[in-house]
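Student: For reference, the sequence and a predicted model appear below.
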Amino acid sequence: MESRSYNFSSGKKRSTQVDSKVIFFPREDEGAPRSTILKKECPDQYHDFHSCLKLTKDESKCATQKEGLLECGKPAFRKANTTPGYEF
């Protein structure tokens, strides 16, 4: 019986990743769902972080404000992910 190699076939290989329905949003974009949740649940920290960004135009100089925003955001994201019908 012949041995056959299927590595060099003439058929096209199809990836299962081609028809992905995932939509990627920039994380810190104004219209991103992440920013919308943070704006709704942590308005003070969100405002502090973005006002620092506008003043310095450098995210590394606003590390303390970002840490505060992310700490406030943990329960906010948990709430958004577990609450049925949560609208942001």
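Tutor: Looks like it came in fine. Owing to the predicted nature of the structure, the values given are computational and were not obtained by experimental measurement. Numbering: from 1, shown residues only.

Student: what's around Y86, how many residues?
Tutor: 11 (other CB atoms under 10 Å). Glycine gets a C-beta too; all of them are placed from N, C-alpha and C.

Student: What separation do you get for it and A63?
Tutor: Look at Y86 and A63: by CB to CB, to the nearest Å, they are 29 Å apart.

Student: What of E87?
Tutor: 31 Å.

Student: neighbour-wise, which of these two wins?
Tutor: Taking neighbours as other CB under 10 Å, E87 and A63 compare with A63 leading, 11 against 7.

Student: For the more buried one, pull up the helix or strand it's in.
Tutor: Element membership of A63 [criterion: DSSP states H and E] is helix 63-82.

Student: Same question for K40.
Tutor: Going by DSSP H and E, K40 is in helix 33-41.

Student: Flag every buried residue along that helix.
Tutor: With burial defined by 16 or more other CB atoms under 10 Å, the residues of helix 33-41 counted as buried are 34-39, 41.

Student: ok, of those, which one's closest to L70?
Tutor: L38 (8.8 Å; CB to CB).

Student: so the closest one makes contact with G73?
Tutor: Yes: the criterion here is CB atoms under 8 Å, and L38 meets it with G73 at 5.3 Å.

Student: Which neighbours do these two have in common?
Tutor: Q45 (CB atoms under 8 Å, 6 or more residues apart in numbering).
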